[in-house]
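Peer 1: here is a sequence together with a model predicted from it:
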Amino acid sequence: MSLQVKALSKSYGNNIVLNQVSFVVQPGEIVCLRGKSGEGKTTLLRCLNRLEKPDSGQILIDEIDIMVENKGLSIAEKIGLVFQNYNLFPHKNVMENLLLAPRLLKQGENEMKKRAVELLKQLGIEDKADQYPFQLSGGQKQRVAIARACMLSPQVLCFDEPTSALDRESIEGICRIMLDLSKQGMMILIVTHDEEFAERIAMRSLVLEKGRMTEGDAKGDDTKFNLFVK
Amino acid sequence: MWKMLLPMTGEGFKVSISVFLITLVFSLPLGVVVAALRRSGSRLVQNLVAGYITLMRGTPLLLQLMFLFFGFPFVPVIGYAFGRYEAIAIAFVLNYAAYFAEIFRGGIQSIDIGQWEAGAVLGLTRFQTFTRIILPQVIKNVWTAVANEVITLVKDTSLVYILGVSDLMKAAKSVSNTFSSFTPYLFIGAIYLLIIAILTKLLSYVEKKMEYY
Ligand SMILES: Nc1ncnc2c1ncn2[C@@H]1O[C@H](COP(=O)(O)OP(=O)(O)O)[C@@H](O)[C@H]1O
Ligand SMILES: [Mg+2]
(Lines give C-alpha, C1' and ligand atoms only; values in the text may rest on other atoms or scores of the structure.)
(Ligands and ions follow the chains in the order given, each with its own letter.)
Protein backbone atom coordinates (compact mmCIF):
# COMPACT_ATOMS: atom_id res chain seq x y z
CA MET A 1 0.00 0.00 0.00
CA SER A 2 1.61 3.23 -1.18
CA LEU A 3 1.19 6.27 -3.35
CA GLN A 4 3.28 6.10 -6.49
CA VAL A 5 3.48 8.95 -8.95
CA LYS A 6 5.18 8.01 -12.18
CA ALA A 7 6.44 10.46 -14.81
CA LEU A 8 3.61 12.88 -14.27
CA SER A 9 3.59 15.80 -16.71
CA LYS A 10 1.36 18.82 -16.99
CA SER A 11 1.62 21.94 -19.14
CA TYR A 12 -0.52 24.99 -19.56
CA GLY A 13 0.13 26.01 -23.15
CA ASN A 14 3.89 26.52 -23.40
CA ASN A 15 4.28 26.62 -19.63
CA ILE A 16 5.64 23.23 -18.59
CA VAL A 17 4.62 23.07 -14.95
CA LEU A 18 5.28 19.42 -14.16
CA ASN A 19 7.93 17.62 -16.15
CA GLN A 20 8.06 13.85 -15.65
CA VAL A 21 7.57 14.10 -11.90
CA SER A 22 7.98 10.82 -10.01
CA PHE A 23 7.92 10.02 -6.32
CA VAL A 24 6.61 7.52 -3.78
CA VAL A 25 4.92 7.99 -0.43
CA GLN A 26 4.76 5.07 2.00
CA PRO A 27 1.98 4.35 4.50
CA GLY A 28 2.34 6.40 7.66
CA GLU A 29 4.75 8.80 6.00
CA ILE A 30 4.48 12.56 6.24
CA VAL A 31 6.09 14.07 3.19
CA CYS A 32 6.52 17.77 2.61
CA LEU A 33 6.55 19.07 -0.91
CA ARG A 34 8.42 22.33 -1.11
CA GLY A 35 9.30 24.80 -3.78
CA LYS A 36 9.06 28.45 -4.62
CA SER A 37 5.80 30.10 -5.48
CA GLY A 38 4.61 29.19 -8.97
CA GLU A 39 6.69 26.02 -9.23
CA GLY A 40 3.62 23.84 -9.61
CA LYS A 41 3.02 22.49 -6.12
CA THR A 42 -0.70 23.23 -6.17
CA THR A 43 -0.94 21.90 -9.71
CA LEU A 44 0.55 18.61 -8.54
CA LEU A 45 -1.99 18.30 -5.73
CA ARG A 46 -4.77 19.16 -8.15
CA CYS A 47 -3.62 16.42 -10.51
CA LEU A 48 -3.51 13.91 -7.65
CA ASN A 49 -7.07 14.85 -6.72
CA ARG A 50 -8.24 14.82 -10.35
CA LEU A 51 -9.12 18.50 -10.42
CA GLU A 52 -6.63 18.76 -13.25
CA LYS A 53 -6.00 16.26 -16.00
CA PRO A 54 -2.31 15.44 -16.38
CA ASP A 55 -0.92 15.31 -19.90
CA SER A 56 0.82 12.03 -19.17
CA GLY A 57 2.01 9.83 -16.35
CA GLN A 58 0.46 7.59 -13.76
CA ILE A 59 -0.85 7.98 -10.24
CA LEU A 60 -1.03 4.67 -8.42
CA ILE A 61 -2.52 4.00 -5.04
CA ASP A 62 -2.36 0.36 -4.00
CA GLU A 63 -0.96 -0.33 -7.47
CA ILE A 64 -4.21 0.90 -8.95
CA ASP A 65 -4.07 3.76 -11.44
CA ILE A 66 -6.66 6.19 -10.12
CA MET A 67 -6.94 7.92 -13.48
CA VAL A 68 -8.01 4.72 -15.21
CA GLU A 69 -9.40 2.40 -12.60
CA ASN A 70 -12.55 3.38 -10.78
CA LYS A 71 -13.88 0.07 -9.56
CA GLY A 72 -14.59 -0.78 -5.97
CA LEU A 73 -13.56 2.08 -3.76
CA SER A 74 -14.21 5.37 -5.48
CA ILE A 75 -11.18 7.61 -5.85
CA ALA A 76 -12.45 9.95 -3.15
CA GLU A 77 -12.06 7.07 -0.74
CA LYS A 78 -8.41 6.71 -1.74
CA ILE A 79 -7.19 10.27 -1.75
CA GLY A 80 -8.43 13.48 -0.17
CA LEU A 81 -7.45 17.15 -0.22
CA VAL A 82 -7.59 19.91 2.36
CA PHE A 83 -7.76 23.09 0.30
CA GLN A 84 -5.67 26.12 1.17
CA ASN A 85 -8.87 28.11 1.79
CA TYR A 86 -10.73 25.01 3.06
CA ASN A 87 -13.79 25.42 0.78
CA LEU A 88 -16.26 24.45 3.46
CA PHE A 89 -19.91 24.54 2.43
CA PRO A 90 -21.15 27.81 3.97
CA HIS A 91 -24.83 26.81 3.98
CA LYS A 92 -24.20 23.59 5.91
CA ASN A 93 -23.24 23.31 9.55
CA VAL A 94 -20.15 21.38 10.58
CA MET A 95 -21.92 18.04 10.94
CA GLU A 96 -23.66 18.46 7.58
CA ASN A 97 -20.35 19.37 5.96
CA LEU A 98 -18.98 16.05 7.17
CA LEU A 99 -22.01 13.95 6.28
CA LEU A 100 -22.86 15.34 2.84
CA ALA A 101 -20.53 13.15 0.80
CA PRO A 102 -20.93 9.89 2.76
CA ARG A 103 -24.70 10.28 2.49
CA LEU A 104 -24.57 10.74 -1.27
CA LEU A 105 -22.15 7.86 -1.60
CA LYS A 106 -24.77 5.81 0.23
CA GLN A 107 -22.80 4.80 3.25
CA GLY A 108 -24.51 3.71 6.45
CA GLU A 109 -26.02 6.75 8.16
CA ASN A 110 -25.51 5.67 11.77
CA GLU A 111 -22.01 4.44 11.18
CA MET A 112 -21.12 7.71 9.44
CA LYS A 113 -22.58 9.84 12.21
CA LYS A 114 -20.56 7.91 14.77
CA ARG A 115 -17.45 8.38 12.70
CA ALA A 116 -18.14 12.10 12.33
CA VAL A 117 -18.52 12.57 16.08
CA GLU A 118 -15.34 10.58 16.65
CA LEU A 119 -13.39 12.67 14.17
CA LEU A 120 -14.61 15.95 15.62
CA LYS A 121 -13.58 14.72 19.03
CA GLN A 122 -10.16 13.66 17.77
CA LEU A 123 -9.72 17.11 16.25
CA GLY A 124 -10.94 18.87 19.37
CA ILE A 125 -13.99 20.53 17.83
CA GLU A 126 -16.79 18.24 18.98
CA ASP A 127 -18.57 21.28 20.44
CA LYS A 128 -18.75 22.90 17.00
CA ALA A 129 -20.96 20.29 15.31
CA ASP A 130 -23.96 22.60 15.02
CA GLN A 131 -22.05 25.74 14.04
CA TYR A 132 -21.81 27.18 10.56
CA PRO A 133 -18.44 27.85 8.91
CA PHE A 134 -18.81 31.64 9.30
CA GLN A 135 -18.90 31.14 13.07
CA LEU A 136 -15.51 29.40 13.17
CA SER A 137 -11.95 30.68 13.39
CA GLY A 138 -9.46 29.87 10.63
CA GLY A 139 -7.93 27.03 12.59
CA GLN A 140 -11.32 25.55 13.39
CA LYS A 141 -12.37 25.74 9.76
CA GLN A 142 -9.24 23.87 8.80
CA ARG A 143 -10.04 21.13 11.28
CA VAL A 144 -13.52 20.82 9.84
CA ALA A 145 -11.97 20.55 6.39
CA ILE A 146 -9.66 17.81 7.66
CA ALA A 147 -12.54 15.97 9.31
CA ARG A 148 -14.60 16.27 6.14
CA ALA A 149 -11.77 14.81 4.07
CA CYS A 150 -11.24 12.01 6.59
CA MET A 151 -14.88 10.96 6.58
CA LEU A 152 -14.24 8.79 3.54
CA SER A 153 -11.12 7.27 5.17
CA PRO A 154 -8.76 8.10 2.32
CA GLN A 155 -5.37 6.41 2.33
CA VAL A 156 -3.69 9.61 1.19
CA LEU A 157 -4.48 13.07 2.53
CA CYS A 158 -3.05 16.13 0.81
CA PHE A 159 -2.70 19.59 2.33
CA ASP A 160 -2.12 22.77 0.35
CA GLU A 161 -0.23 25.36 2.42
CA PRO A 162 -1.88 24.29 5.70
CA THR A 163 -0.05 26.87 7.83
CA SER A 164 -0.57 29.91 5.61
CA ALA A 165 -3.47 31.28 7.66
CA LEU A 166 -2.66 29.88 11.10
CA ASP A 167 -1.19 31.37 14.25
CA ARG A 168 1.55 29.59 16.21
CA GLU A 169 -0.80 27.75 18.51
CA SER A 170 -2.91 26.41 15.70
CA ILE A 171 0.23 25.24 13.91
CA GLU A 172 1.14 23.21 17.00
CA GLY A 173 -2.34 21.73 16.90
CA ILE A 174 -2.23 20.84 13.23
CA CYS A 175 1.16 19.14 13.70
CA ARG A 176 -0.30 16.91 16.37
CA ILE A 177 -3.27 16.09 14.19
CA MET A 178 -1.07 15.19 11.23
CA LEU A 179 1.12 12.93 13.37
CA ASP A 180 -2.01 11.33 14.75
CA LEU A 181 -3.37 10.60 11.31
CA SER A 182 -0.07 9.23 10.08
CA LYS A 183 0.09 6.91 13.08
CA GLN A 184 -3.18 5.48 11.86
CA GLY A 185 -1.36 4.61 8.65
CA MET A 186 -2.49 7.51 6.51
CA MET A 187 -0.08 8.89 3.94
CA ILE A 188 0.24 12.62 4.28
CA LEU A 189 1.49 14.88 1.53
CA ILE A 190 1.93 18.51 2.50
CA VAL A 191 2.61 21.37 0.14
CA THR A 192 4.27 24.19 2.02
CA HIS A 193 6.83 26.90 1.80
CA ASP A 194 6.88 27.28 5.58
CA GLU A 195 10.43 26.04 6.28
CA GLU A 196 10.04 25.90 10.03
CA PHE A 197 6.87 23.90 9.81
CA ALA A 198 8.31 21.53 7.21
CA GLU A 199 11.36 21.00 9.39
CA ARG A 200 9.14 20.08 12.28
CA ILE A 201 6.64 17.81 10.61
CA ALA A 202 8.28 16.23 7.58
CA MET A 203 9.74 12.75 7.71
CA ARG A 204 10.97 13.42 4.22
CA SER A 205 11.04 16.42 1.90
CA LEU A 206 10.58 16.70 -1.82
CA VAL A 207 11.46 19.83 -3.74
CA LEU A 208 9.79 20.94 -6.93
CA GLU A 209 11.88 23.19 -9.13
CA LYS A 210 11.53 24.05 -12.80
CA GLY A 211 9.04 21.25 -13.24
CA ARG A 212 11.42 18.64 -11.79
CA MET A 213 11.12 16.82 -8.52
CA THR A 214 14.17 16.22 -6.37
CA GLU A 215 14.60 14.59 -3.00
CA GLY A 216 15.24 17.37 -0.44
CA ASP A 217 17.91 17.26 2.29
CA ALA A 218 17.03 14.56 4.79
CA LYS A 219 15.17 16.63 7.33
CA GLY A 220 14.38 15.19 10.71
CA ASP A 221 15.94 12.01 12.02
CA ASP A 222 15.42 8.72 10.29
CA THR A 223 14.29 7.04 13.49
CA LYS A 224 11.18 9.19 13.43
CA PHE A 225 10.60 8.09 9.87
CA ASN A 226 11.17 4.41 10.59
CA LEU A 227 8.82 4.44 13.53
CA PHE A 228 5.88 5.05 11.28
CA VAL A 229 6.67 2.67 8.47
CA LYS A 230 4.77 -0.54 8.82
CA MET B 1 -72.84 47.45 -9.69
CA TRP B 2 -71.22 45.54 -6.83
CA LYS B 3 -73.62 42.64 -7.46
CA MET B 4 -71.95 42.26 -10.84
CA LEU B 5 -68.45 43.32 -9.87
CA LEU B 6 -67.88 41.00 -6.91
CA PRO B 7 -68.61 37.64 -8.60
CA MET B 8 -66.81 38.71 -11.78
CA THR B 9 -63.83 39.80 -9.73
CA GLY B 10 -63.86 36.41 -8.01
CA GLU B 11 -63.77 34.62 -11.34
CA GLY B 12 -61.13 36.99 -12.66
CA PHE B 13 -59.03 36.47 -9.57
CA LYS B 14 -59.01 32.72 -10.18
CA VAL B 15 -57.81 33.21 -13.75
CA SER B 16 -55.11 35.72 -12.83
CA ILE B 17 -53.80 33.64 -9.94
CA SER B 18 -53.78 30.50 -12.12
CA VAL B 19 -51.67 32.25 -14.74
CA PHE B 20 -49.37 33.45 -11.97
CA LEU B 21 -48.96 30.05 -10.31
CA ILE B 22 -48.59 28.03 -13.49
CA THR B 23 -45.95 30.45 -14.74
CA LEU B 24 -43.96 30.26 -11.51
CA VAL B 25 -44.19 26.52 -11.08
CA PHE B 26 -42.87 25.82 -14.56
CA SER B 27 -40.63 28.77 -15.35
CA LEU B 28 -38.47 28.57 -12.22
CA PRO B 29 -37.24 25.00 -12.79
CA LEU B 30 -37.03 25.65 -16.52
CA GLY B 31 -34.94 28.73 -15.76
CA VAL B 32 -32.51 26.59 -13.77
CA VAL B 33 -32.24 24.10 -16.63
CA VAL B 34 -31.73 26.88 -19.20
CA ALA B 35 -29.07 28.50 -17.00
CA ALA B 36 -27.30 25.15 -16.72
CA LEU B 37 -27.55 24.60 -20.49
CA ARG B 38 -25.98 27.98 -21.09
CA ARG B 39 -22.91 26.67 -19.36
CA SER B 40 -22.98 23.40 -21.29
CA GLY B 41 -19.95 22.15 -23.16
CA SER B 42 -21.62 22.29 -26.56
CA ARG B 43 -21.22 25.51 -28.55
CA LEU B 44 -24.42 24.76 -30.46
CA VAL B 45 -26.48 24.39 -27.29
CA GLN B 46 -24.96 27.55 -25.85
CA ASN B 47 -25.86 29.55 -28.97
CA LEU B 48 -29.38 28.15 -29.18
CA VAL B 49 -30.01 29.03 -25.56
CA ALA B 50 -28.52 32.50 -25.98
CA GLY B 51 -30.78 33.06 -29.00
CA TYR B 52 -33.85 31.97 -27.08
CA ILE B 53 -33.05 34.31 -24.22
CA THR B 54 -32.42 37.25 -26.54
CA LEU B 55 -35.72 36.65 -28.30
CA MET B 56 -37.71 36.37 -25.10
CA ARG B 57 -36.17 39.40 -23.46
CA GLY B 58 -35.95 41.44 -26.63
CA THR B 59 -39.64 41.42 -27.55
CA PRO B 60 -42.72 42.41 -25.51
CA LEU B 61 -44.54 39.63 -23.70
CA LEU B 62 -47.76 41.04 -25.15
CA LEU B 63 -46.43 40.44 -28.66
CA GLN B 64 -45.32 36.92 -27.75
CA LEU B 65 -48.83 36.16 -26.47
CA MET B 66 -50.41 37.46 -29.65
CA PHE B 67 -47.96 35.60 -31.84
CA LEU B 68 -48.56 32.27 -30.13
CA PHE B 69 -52.34 32.56 -30.33
CA PHE B 70 -52.95 34.45 -33.57
CA GLY B 71 -49.75 33.93 -35.55
CA PHE B 72 -48.42 30.49 -34.72
CA PRO B 73 -51.21 28.53 -36.47
CA PHE B 74 -50.04 30.01 -39.77
CA VAL B 75 -46.37 29.11 -39.36
CA PRO B 76 -45.41 26.53 -42.03
CA VAL B 77 -44.68 22.94 -40.95
CA ILE B 78 -44.68 23.42 -37.16
CA GLY B 79 -47.77 25.65 -37.06
CA TYR B 80 -50.38 24.61 -34.52
CA ALA B 81 -53.51 26.26 -33.16
CA PHE B 82 -53.09 26.50 -29.41
CA GLY B 83 -56.09 27.11 -27.19
CA ARG B 84 -56.15 30.44 -25.34
CA TYR B 85 -54.93 28.99 -22.09
CA GLU B 86 -52.26 26.88 -23.76
CA ALA B 87 -50.94 29.93 -25.59
CA ILE B 88 -50.94 31.92 -22.35
CA ALA B 89 -49.15 29.22 -20.38
CA ILE B 90 -46.51 28.64 -23.04
CA ALA B 91 -45.81 32.34 -23.62
CA PHE B 92 -45.59 33.18 -19.93
CA VAL B 93 -43.49 30.16 -18.99
CA LEU B 94 -41.03 30.63 -21.87
CA ASN B 95 -40.77 34.36 -21.24
CA TYR B 96 -40.24 34.16 -17.51
CA ALA B 97 -37.89 31.17 -17.77
CA ALA B 98 -35.62 33.36 -19.90
CA TYR B 99 -35.51 36.09 -17.26
CA PHE B 100 -35.01 33.60 -14.45
CA ALA B 101 -32.27 31.84 -16.44
CA GLU B 102 -30.31 35.08 -16.71
CA ILE B 103 -30.66 35.69 -13.00
CA PHE B 104 -29.60 32.13 -12.17
CA ARG B 105 -26.67 32.30 -14.56
CA GLY B 106 -25.31 35.32 -12.73
CA GLY B 107 -25.97 33.56 -9.44
CA ILE B 108 -24.15 30.41 -10.50
CA GLN B 109 -21.15 32.41 -11.70
CA SER B 110 -20.98 34.22 -8.38
CA ILE B 111 -20.28 30.98 -6.51
CA ASP B 112 -16.61 30.31 -5.80
CA ILE B 113 -15.20 27.65 -8.12
CA GLY B 114 -13.75 26.08 -4.96
CA GLN B 115 -17.24 24.90 -4.04
CA TRP B 116 -17.39 22.83 -7.23
CA GLU B 117 -13.90 21.51 -6.56
CA ALA B 118 -14.73 20.59 -2.97
CA GLY B 119 -17.67 18.55 -4.27
CA ALA B 120 -15.52 16.86 -6.90
CA VAL B 121 -12.78 15.95 -4.44
CA LEU B 122 -15.37 14.39 -2.13
CA GLY B 123 -16.48 12.15 -4.98
CA LEU B 124 -19.73 13.88 -5.86
CA THR B 125 -20.91 13.98 -9.46
CA ARG B 126 -21.30 17.37 -11.10
CA PHE B 127 -25.06 16.99 -10.82
CA GLN B 128 -24.89 16.20 -7.11
CA THR B 129 -22.55 19.11 -6.53
CA PHE B 130 -24.88 21.41 -8.41
CA THR B 131 -28.07 20.38 -6.63
CA ARG B 132 -26.65 19.99 -3.09
CA ILE B 133 -23.94 22.62 -2.91
CA ILE B 134 -24.24 25.21 -5.65
CA LEU B 135 -27.98 25.65 -6.12
CA PRO B 136 -28.88 26.26 -2.45
CA GLN B 137 -26.30 29.04 -2.32
CA VAL B 138 -27.46 30.44 -5.66
CA ILE B 139 -31.05 30.60 -4.44
CA LYS B 140 -30.02 32.71 -1.50
CA ASN B 141 -27.89 35.00 -3.67
CA VAL B 142 -30.58 35.60 -6.30
CA TRP B 143 -33.57 35.77 -3.99
CA THR B 144 -34.06 39.53 -4.24
CA ALA B 145 -33.79 39.55 -8.02
CA VAL B 146 -36.22 36.64 -8.33
CA ALA B 147 -38.61 38.32 -5.90
CA ASN B 148 -38.66 41.39 -8.13
CA GLU B 149 -39.60 39.27 -11.13
CA VAL B 150 -42.32 37.53 -9.14
CA ILE B 151 -43.87 40.88 -8.26
CA THR B 152 -43.67 41.95 -11.89
CA LEU B 153 -45.33 38.69 -12.90
CA VAL B 154 -48.40 39.49 -10.80
CA LYS B 155 -48.93 42.63 -12.82
CA ASP B 156 -47.96 41.03 -16.14
CA THR B 157 -50.80 38.52 -15.79
CA SER B 158 -53.10 41.39 -16.77
CA LEU B 159 -51.72 41.09 -20.32
CA VAL B 160 -53.86 38.01 -20.94
CA TYR B 161 -56.86 40.28 -21.54
CA ILE B 162 -55.54 40.63 -25.13
CA LEU B 163 -56.66 37.03 -25.81
CA GLY B 164 -60.12 37.74 -24.40
CA VAL B 165 -59.62 35.77 -21.22
CA SER B 166 -61.66 36.81 -18.17
CA ASP B 167 -58.97 37.81 -15.72
CA LEU B 168 -59.18 40.59 -13.11
CA MET B 169 -58.57 43.26 -15.71
CA LYS B 170 -61.28 41.96 -18.00
CA ALA B 171 -63.75 41.80 -15.11
CA ALA B 172 -63.13 45.43 -14.28
CA LYS B 173 -63.45 46.42 -17.92
CA SER B 174 -66.81 44.67 -18.39
CA VAL B 175 -68.36 46.15 -15.27
CA SER B 176 -66.90 49.56 -16.01
CA ASN B 177 -68.43 49.55 -19.48
CA THR B 178 -71.83 48.42 -18.21
CA PHE B 179 -72.08 51.03 -15.48
CA SER B 180 -69.99 53.78 -17.04
CA SER B 181 -67.95 53.93 -13.87
CA PHE B 182 -64.22 53.88 -13.18
CA THR B 183 -64.71 52.40 -9.71
CA PRO B 184 -64.24 48.76 -10.85
CA TYR B 185 -60.72 49.62 -12.00
CA LEU B 186 -59.91 51.20 -8.66
CA PHE B 187 -61.32 48.11 -6.99
CA ILE B 188 -59.13 45.63 -8.87
CA GLY B 189 -56.21 48.02 -8.46
CA ALA B 190 -56.64 47.59 -4.73
CA ILE B 191 -56.74 43.83 -5.19
CA TYR B 192 -53.45 43.81 -7.11
CA LEU B 193 -51.97 45.97 -4.39
CA LEU B 194 -53.15 43.57 -1.71
CA ILE B 195 -51.78 40.50 -3.54
CA ILE B 196 -48.42 42.18 -3.96
CA ALA B 197 -48.32 43.34 -0.34
CA ILE B 198 -48.91 39.78 0.86
CA LEU B 199 -46.36 38.36 -1.59
CA THR B 200 -43.76 40.91 -0.57
CA LYS B 201 -44.20 39.96 3.08
CA LEU B 202 -43.95 36.28 2.23
CA LEU B 203 -40.85 36.73 0.08
CA SER B 204 -39.01 38.78 2.66
CA TYR B 205 -39.99 36.30 5.36
CA VAL B 206 -38.33 33.50 3.41
CA GLU B 207 -35.36 35.78 2.72
CA LYS B 208 -34.89 36.26 6.46
CA LYS B 209 -35.12 32.49 6.94
CA MET B 210 -32.18 32.10 4.56
CA GLU B 211 -30.06 34.55 6.51
CA TYR B 212 -28.89 31.79 8.84
CA TYR B 213 -25.43 31.78 7.30
N1 LIG C 1 -5.51 27.02 -14.67
C2 LIG C 1 -4.29 27.45 -15.06
N3 LIG C 1 -4.11 27.92 -16.31
C4 LIG C 1 -2.90 28.34 -16.71
N5 LIG C 1 -1.80 28.34 -15.96
C6 LIG C 1 -1.91 27.88 -14.70
C7 LIG C 1 -3.16 27.42 -14.18
N8 LIG C 1 -2.97 27.02 -12.91
C9 LIG C 1 -1.67 27.24 -12.65
N10 LIG C 1 -1.03 27.75 -13.71
C11 LIG C 1 0.41 28.09 -13.78
O12 LIG C 1 1.13 26.97 -13.34
C13 LIG C 1 2.25 27.36 -12.58
C14 LIG C 1 2.22 26.66 -11.25
O15 LIG C 1 1.17 27.15 -10.46
P16 LIG C 1 0.87 26.55 -9.01
O17 LIG C 1 0.75 25.07 -9.14
O18 LIG C 1 -0.28 27.27 -8.45
O19 LIG C 1 2.21 26.91 -8.22
P20 LIG C 1 2.52 26.85 -6.66
O21 LIG C 1 1.36 26.21 -5.98
O22 LIG C 1 3.77 26.07 -6.56
O23 LIG C 1 2.72 28.25 -6.23
C24 LIG C 1 2.21 28.88 -12.50
O25 LIG C 1 3.09 29.39 -13.45
C26 LIG C 1 0.80 29.22 -12.85
O27 LIG C 1 0.74 30.45 -13.51
MG1 LIG D 1 0.07 26.96 -4.49
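Peer 2: Cool, got the structure. This is a predicted model, so every value here is computed, not measured. Ligands and ions are numbered 1, 2, ... in the order given.
Peer 1: return the helix or strand in chain B with minimum mean pLDDT.
Peer 2: Lowest on mean pLDDT, DSSP states H and E among the helices and strands of chain B sits helix B:126-129, with a mean of 94.
Peer 1: list the helices and strands the very next helix or strand once past it packs on?
Peer 2: Later in the chain than helix B:126-129, the nearest helix or strand by DSSP states H and E is helix B:135-156. Contacts defined by 3 or more Cβ pairs under 8 Å, 6 or more residues apart in numbering or on different chains; DSSP states H and E place helix B:135-156 against helix B:2-38, helix B:84-109, helix B:183-209. Where you see a C-beta, it was placed from the backbone N, CA and C, and this is true even at glycine.
Peer 1: quick one: which of those is nearest chain A?
Peer 2: Taking Cβ to the nearest Cβ, helix B:183-209 is the member of the helices and strands packed on helix B:135-156 nearest to chain A, at 12.2 Å.
Peer 1: buried stuff in that closest one?
Peer 2: Within helix B:183-209, the residues scored as buried using 16 or more other Cβ atoms under 10 Å in any protein chain shown are B:184, B:187-188, B:191-192, B:195, B:199, B:203.
Peer 1: as TSV, the residues you listed with distance to A:Leu18 and pLDDT would be great.
Peer 2: Below are these laid out as TSV (distance: Cβ to Cβ, whole Å; pLDDT from 0 to 100):
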residue	distance to A:Leu18	pLDDT
B:Pro184	75	97
B:Phe187	73	97
B:Ile188	69	97
B:Ile191	67	97
B:Tyr192	63	97
B:Ile195	61	97
B:Leu199	55	97
B:Leu203	50	97
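Peer 1: which among these gets closest to A:Gly57?
Peer 2: Set against A:Gly57, the nearest of the buried residues of helix B:183-209 by Cβ to Cβ is B:Leu203 (52.7 Å).
Peer 1: could you pull up the residues touching the residue nearest to the closest one when sequence neighbours are not counted?
Peer 2: In this structure, B:Leu203 finds its nearest non-sequential neighbour in B:Ala147, 4.3 Å apart by Cβ to Cβ, 6 or more residues apart in numbering or on different chains. Residues near B:Ala147 by Cβ atoms under 8 Å, 6 or more residues apart in numbering or on different chains: B:200, B:203-204, B:207.
Peer 1: distance check, B:Ala147 against ligand 1.
Peer 2: 36 Å (Cβ to the nearest ligand atom, to the nearest Å).
Peer 1: closest one to A:Ser205 among the helices and strands packed on helix B:135-156?
Peer 2: Closest approach to A:Ser205 among the helices and strands packed on helix B:135-156 (Cβ to Cβ): helix B:84-109, 39.6 Å.
Peer 1: from the contacts of B:Ala147, pick the one nearest B:Gln128.
Peer 2: B:Glu207 (26.3 Å).
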